[in-house]
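Novice: Have a look at this prediction, sequence included:
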Amino acid sequence: MTMIEYIQQPWPWYVAGPLIGLMVPLLLILGNKTFGISSSLRHICAACFPGKIPFFEYEWKKEIWNLIFVFGVFIGGIVTALYLKDSSQLIVNEKLVSELASYGITNLDGMSPAQLFNWGSVFTLKGFILMGVGGFLVGFGTRYAGGCTSGHSIMGLSNLQLPSLIATCCFMLGGFIMANLILPFILSL
């Protein structure tokens, strides 16, 4: 198996997990930096609106590495979408296929079900709840919790921070409630 073929396969948890975990000490030791994605939005706002809003008045240029990292995540998403453009490479668990079919979602071509995620769906009740309300709640929750899942669950827990443990438990509880109680109701609308 070539290196390219190896990278294209899903990595097992015992490889991917430690690699993610090693980012934390690497960032701390080499640059005295903390890992998180949601803070990049604050850095972008501080760069775009300098001196306009007190919350954005700080030395955002010291955090340029974070913006480069987020840009890399964005590029990685584009590369992945282009690579998986041929939906025959995408394997969906049969149990998920049958559960989605019970909600009327049968077209699983591509990265996202087209019956849910398209411009026409935005103007339906289901689409508004999933994309509009859901997007607002993610942004509000990130700001209210003082960070996102990657910041709290990867960085905060590795630093043994109690607020990060509480936030991670709330993320997990919210995810379980959403996936098992709220989302089936929304999809049945």
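Specialist: Done, it's in.

Novice: Need the three-state assignment for residue 92.
Specialist: Applying DSSP: H, G, I helix; E, B strand; the rest coil to residue 92 yields a three-state assignment of coil.

Novice: do residue 116 as well
Specialist: Per three-state DSSP, residue 116 ends up coil.

Novice: Correct me if wrong: it contacts residue 103.
Specialist: No - with contact defined as CB atoms under 8 Å, residue 116 does not count as touching residue 103 (9.3 Å). To be clear about C-beta, it is placed using only N, CA and C from the backbone, and glycine gets the same treatment.

Novice: Mind listing residues that contact stretch 136-143?
Specialist: For stretch 136-143, contacts defined as CB atoms under 8 Å, 6 or more residues apart in numbering pick out 38, 148, 174.

Novice: Now do the buried residues in it.
Specialist: 141-142 (16 or more other CB atoms under 10 Å).

Novice: repeat for stretch 13-28
Specialist: By neighbour count, and taking 16+ other CB under 10 Å as the criterion, the buried residues in stretch 13-28 are 23-24, 27.

Novice: which is the next helix or strand following the lowest-mean-pLDDT helix or strand in the chain?
Specialist: Among the helical and strand segments of the chain, the one scoring lowest on mean pLDDT, DSSP states H and E is helix 3-8, with a mean of 68. Helices and strands here follow DSSP states H and E; after helix 3-8, the next one along the chain is helix 13-31.

Novice: could you say what helices and strands that following helix packs with?
Specialist: Helices and strands touching helix 13-31, by 3 or more CB pairs under 8 Å, 6 or more residues apart in numbering; DSSP states H and E, are helix 157-158.

Novice: The helix it packs on: how far from the chain's middle?
Specialist: 18 Å (CA atoms, centre = their mean, to the nearest Å).

Novice: what do you get for stretch 101-116?
Specialist: Taking mean C-alpha positions (CA atoms, centre = their mean), stretch 101-116 and its chain are 20 Å apart.
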